[in-house]
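In: Got a sequence here, can you model it:
(chains A and B)
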Amino acid sequence: MADRRGIELVCPAGSLPALHAAVDNGADAVYLGFRDGLNARNFPGLNFSPADARSGIEYAHRHGARVFVALNVYPRPSRWSAATAAVDAAADVGADALILADAGLLGYAAERHPQLNRHLSVQASASNWGALKFYQERFGIRRAVLPRVLSVAQVQRVIERSGVEIEVFGFGSLCIMVEGRCALSAHVTGESPNTHGVCSPAHAVRWTERPSGRQARLSGVLIDEFAPGEAAGYPTLCKGRFETLGEIMHALEEPTSLNVLDILPQLLSAGVSAIKVEGRQRGPAYVAQVTRALRAALDACRRDPAAYRPPVAHAAALARLAEGHTHTLGAYSRPWQ
Amino acid sequence: MKLSVGPLLYYWERAEVFAFYQALASAPVDSVYLGEVVCSKRRALRQADWAAIARDLADAGKEVIFSTLALMEAESELAALGRIAAGSVTIEANDMAAVQLAGGHPFVAGPHLNVYNGQTLRLLGALGARRWVAPLELDASALVELLAERPDGMECEVFAYGRMPLAFSARCFSARVRRRNKDDCSFVCGEDRDGLTVYTREHEPLFALNGVQTQSAQVCNLIDRVAQLESAGVNILRLSPQSDAAAPFAQVIEAFARAGRGEPAAACPPSALPGGYCSGSVREGHH
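Out: Numbers count the residues shown, from 1 in each chain, chains lettered A, B, ... in the order given. Just a heads-up that it's a prediction; the model follows:
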């Protein structure tokens, strides 16, 4: 846990085997969601029944790891009772924390299960200490996951002023937009992370082979076209190739992954409490590999931050796993600011 | 049905901004939202300029509200928010930091606060929200569900006209597509008076880039649904500023005002922007 190793490594699990892989490879905490469409990885075949969650939590606890339950869509009125039932279920299966975005649901959890830790989801878009104070004063949040929009200096400032534990993303697919403030997918497909726990959902994707190449469409809208032999990525809206100013380009962002291996010492000295790995939709082998790499890097950094260099073999492994095989420091680095 | 003019989302030249609001003083709208929502670097108007515009509009009988930034990262942005909140004006809170600083004074819960259920709406009501602007992605059936749960006296405002603000980012896309960094942006967003249209490779207008904000290419236009929205319980329709080159804004206001009074089908001038009109946040034909 955090006090044992100084900084908590929080890894994703979309299934029991992935949870085992995370725990076995050095995760301090694992986060998961129920199979109820109420968390941000509402994908077919993914997520946990309450019984699987209970068994996973027992496994994690036996090995000294914690388990967080993500319940981070914004439930509309007709889904409210399902959402509160999921909060109750998380408490019942023995989760160590709930990851919530909706203010109403935070209020419910604080009132009904005051002993259960509440973490503010990245989907709550809290990017400054003023917003964090709001959630802390009203709902007693213990921790917040920051949107991927801040520089390291800004992260440090938030930590100094907010008084809650701060968790930041360390590796995985990268949201270009402020989480919780993006309706691109809703606009094109009718479903979004906020409303349905999905972005650019798979059921809206159509692949077509053309002589010119392979076309990827989302609800009929052409998101990208890949030349024969070109690696074709998933048609996420913000990473498509579009035309503007008379040029075809990745108008919003290239397909790329976030990877903070290079700046771990700065994040640690900024005072972050936890590093989060994205990827509940990934399989156990991926989770094992990423967890192992981040564990090794965090341990090396903790032992001697001044002498820290990203472990070469692990850095190479992560590069191979990255979306589009490229990675970025995102908003942590200068070009975004 | 009341009408409001939402905050100006683009970076227009100072003289244009003054002229725009001067024209609004005599337009048939009830409320006007002022201030910068998209990017704190845009400073063609200072706080004193906004205050002067606010006075003129208030003298003309308009309700004036200051909209706050949707994405707040820097200490200076929080400080500016603090100064606005400390004044006597009503704010539209677009971030929970603004709700925190509004400190129990009446405020408007803006479209960028995520309000999707009655519990959240009541919580904001208890903190001082007197009106809430529905999130852009809320579909009609969810809006009806939510209207049934709103606290007494809480007004509902719906985004009814304009390119829809869909997303915010740390990155400035107006600068990025011109191969500039954000901290060396030269305010290139000012070149796009209605945002910069992004097309698919089949030339379908899809998005519009507006600094750190991404909008729909299509202009949302709910003029055909005014009666329906009114009977659902919506109190205010928001018209989001577009340039006269897109469609003469005074004529757009006039058309909505007639529709709001229940007068026969007022024609909205056609939109000259690529993409034309659409009827809401979900693309036609999906729901």
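In: Look up the residues forming beta bridges with B:A129.
Out: B:F107 (DSSP bridges).
In: And the contacts of stretch A:282-293?
Out: A:9, A:11-15, A:17-18, A:20-22, A:24-27, A:171-172, A:261, A:277, A:279, A:311, A:314-315, A:317-318, A:321 (Cβ atoms under 8 Å, 6 or more residues apart in numbering or on different chains). Bear in mind the C-beta positions are built from the backbone N, C-alpha and C, glycine included.
In: From what I see, A:G330 and A:G172 are in contact.
Out: No. The criterion here is Cβ atoms under 8 Å, and A:G330 misses it with A:G172 at 10.9 Å.
In: Need the overlap of contacts for the two.
Out: Common neighbours of A:G330 and A:G172 (Cβ under 8 Å, 6+ apart) are A:L258.
In: before we move on, the earlier item: tell me the buried residues within the contacts of stretch A:282-293.
Out: A:9, A:11-15, A:18, A:20-22, A:24-27, A:171-172, A:261, A:277, A:279, A:311, A:314-315, A:318, A:321 (16 or more other Cβ atoms under 10 Å in any protein chain shown).
In: Which members of these occur in strands, if any?
Out: A:L9, A:C11, A:P12, A:F171, A:G172, A:V277 (DSSP state E).
In: Just list the residues touching the second one, thanks.
Out: Same thing as A:C11. So A:C11 contacts A:A22, A:A27, A:A29, A:V30, A:Y31, A:V277, A:V287, A:V290, A:T291, A:L294 (Cβ under 8 Å, 6+ apart).
In: close enough to count as contact, the third one and A:G64?
Out: No. Taking contacts as Cβ under 8 Å, A:A29 lies outside contact range of A:G64: 10.3 Å.
In: of these two, who's got more company?
Out: A:A29 (22 against 10; other Cβ atoms under 10 Å in any protein chain shown).
In: Contacts only, for that one.
Out: Contacts of A:A29 (Cβ under 8 Å, 6+ apart): A:M1, A:E8, A:L9, A:V10, A:C11, A:A60, A:A65, A:R66, A:V67, A:F68, A:D96, A:A274.
In: Any idea which helix or strand in the chain has the lowest mean pLDDT?
Out: As the question left the chain open, I've gone with chain A. Every helix and strand of chain A was ranked by mean pLDDT, DSSP states H and E. The lowest is helix A:2-5, at a mean of 45.
In: my bad, chain B
Out: Going by mean pLDDT, DSSP H and E, chain B bottoms out at helix B:75-86, a mean of 87.
In: which secondary structure elements does that helix contact?
Out: helix A:129-139, helix B:47-59, helix B:96-102 (3 or more Cβ pairs under 8 Å, 6 or more residues apart in numbering or on different chains; DSSP states H and E).
In: can you put those in CSV and add mean pLDDT?
Out: Below are the helices and strands packed on helix B:75-86 laid out as CSV (pLDDT from 0 to 100):
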stretch, mean pLDDT
helix A:129-139, 97
helix B:47-59, 95
helix B:96-102, 93
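In: Enumerate every residue touching A:H63.
Out: A:V23, A:D24.
In: For it, give its distance to A:C11.
Out: 13 Å (Cβ to Cβ, to the nearest Å).
In: can you list the contacts of A:A29 in CSV and add pLDDT?
Out: Output for the contacts of A:A29, formatted as CSV (pLDDT from 0 to 100):
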residue, pLDDT
A:M1, 42
A:E8, 97
A:L9, 98
A:V10, 98
A:C11, 98
A:A60, 98
A:A65, 98
A:R66, 98
A:V67, 98
A:F68, 98
A:D96, 98
A:A274, 98
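In: Which single one of those is nearest to B:S141?
Out: A:F68 (31.9 Å; Cβ to Cβ).
In: Burial check on the closest residue to B:S216 other than its chain neighbours, number of neighbours?
Out: Leaving aside its sequence neighbours, B:S216 sits nearest to B:M164 (Cβ to Cβ, 6 or more residues apart in numbering or on different chains; 4.2 Å). By other Cβ under 10 Å, 24 other residues sit near B:M164.
In: Using the three-state scheme, assign B:M164.
Out: The assignment at B:M164 comes out as strand when based on DSSP: H, G, I helix; E, B strand; the rest coil.
In: Now do the contacts for the spatially most central residue of chain A.
Out: Residue closest to the mean C-alpha point of chain A, counted by Cα atoms, centre = their mean, is A:E278 at 3.9 Å. Contacts here follow Cβ under 8 Å, 6+ apart; on that basis A:E278 touches A:P12, A:F169, A:F171, A:G172, A:S173, A:L174, A:L258.
In: Closest to chain B out of these?
Out: Distance to chain B across the contacts of A:E278 (Cβ to the nearest Cβ) is lowest for A:L174, with 11.0 Å.
In: Would you check that that closest one makes contact with A:S257?
Out: Yes. Assessed by Cβ under 8 Å, A:L174 is found in contact with A:S257 at 6.0 Å.
In: Helices of the stretch 51-200 of chain A, residue ranges please.
Out: A:80-92, A:103-112, A:129-139, A:152-162, A:184-189, A:193-196 (DSSP state H, counting those that start in this stretch).
In: got any ranges where chain A has weak pLDDT?
Out: A:1-5, A:325, A:334-337 (pLDDT under 70).
In: Show me the domain layout of it.
Out: Split into domains by automatic domain parsing, chain A comes to A:2-174+A:256-336, A:200-249.
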